[in-house]
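**Q** Following is a predicted model, sequence given first.
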Amino acid sequence: MVACGCKCETTEQAQLIEQLDRIIDEYRGQPRGLIQVLHKAQELVGYCPKWVQVRVAEGLGVSLQEVYGVVTFYALFSLIPKGRHKISVCAGTACYVKGTKMVVKAIRQHLGIKPGQTTEDSRFSLETVRCIGACGLAPAMIIGKDVHGRLEPEQIPEILEQYQ
Ligand code: FES
């Protein structure tokens, strides 16, 4: 076990560190272990803050730069906390032509966040993505596992209110 490098004091954080250490122990020495550990760490913590990166680097015996390089290279990793509900607005060609910008604007007006941000209450995070495979429903977005299509800006508040 390595020493905790952060200023954590709460029981919850201590439990997260304990669980993270178990994940690190499980994958230490395995090929692609770093990516596996970061993936599990993100599932556990919700994102990959610096204290997680430091812990993983020390635990696996790799440099912090290497960990940071992986976290910033792959889109699936996040350096910022994500909301409970991830909104992915499609910015593929079909959706873009039919109104991605209007959809993003409506979400921005309702929630006060831009793509790449999370609401202060951690309820939603917003991102734009490439084609989500629902071009016939353009413009479309996914919230969690739900696809919402043929979107009109006026529908956005009602749709978002379904997610608490
Ligand atoms: S372009 Fe948006 S679903 Fe395909």
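**A** Great, that's in hand.
**Q** Which residue is it, in this structure, that comes closest to the ligand?
**A** Among the residues of the chain, G92 lies closest to the ligand, at 2.5 Å counting by C-beta to the nearest ligand atom. (C-beta placed from N, C-alpha, C; glycine too.)
**Q** these two touch, right, that residue and R130?
**A** Yes. At 5.3 Å, G92 counts as touching R130 under the criterion of C-beta atoms under 8 Å.
**Q** more crowded one of those two?
**A** Taking other C-beta atoms under 10 Å, G92 and R130 do not tie; G92 has more neighbours (19 against 11).
**Q** which parts of the protein sit against the ligand?
**A** C90, G92, T93, A94, C95, C131, I132, G133, A134, C135, A138, A140 (C-beta under 6 Å from any ligand atom).
**Q** which ones among those residues are found in strands?
**A** The subset of the residues of the chain next to the ligand located in strands under the criterion DSSP state E comprises C90.
**Q** As TSV, the residues of the chain next to the ligand with distance to Q53 and pLDDT would be great.
**A** Conversion of the residues of the chain next to the ligand to TSV gives the following (distance: C-beta to C-beta, whole Å; pLDDT from 0 to 100):
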residue	distance to Q53	pLDDT
C90	31	97
G92	32	96
T93	36	96
A94	38	97
C95	34	97
C131	31	94
I132	30	93
G133	33	94
A134	35	95
C135	37	96
A138	38	97
A140	34	97
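**Q** can you tell me which of the residues of the chain next to the ligand are in helices?
**A** Secondary-structure check on the residues of the chain next to the ligand using DSSP state H: residues within helices are T93, A94, C95.
**Q** doesn't A138 make contact with the second one?
**A** Yes. Counting by C-beta under 8 Å, a contact exists between A94 and A138, whose distance comes to 4.2 Å.
**Q** the more surrounded of those two?
**A** Applying other C-beta under 10 Å to A94 and A138 shows that A138 carries more neighbours, namely 21 against 16.
**Q** What residues does that one make contact with?
**A** Residues touching A138, when contacts are defined by C-beta atoms under 8 Å, 6 or more residues apart in numbering, comprise C90, G92, A94, C95, V97, K98, G99, G149, R150.
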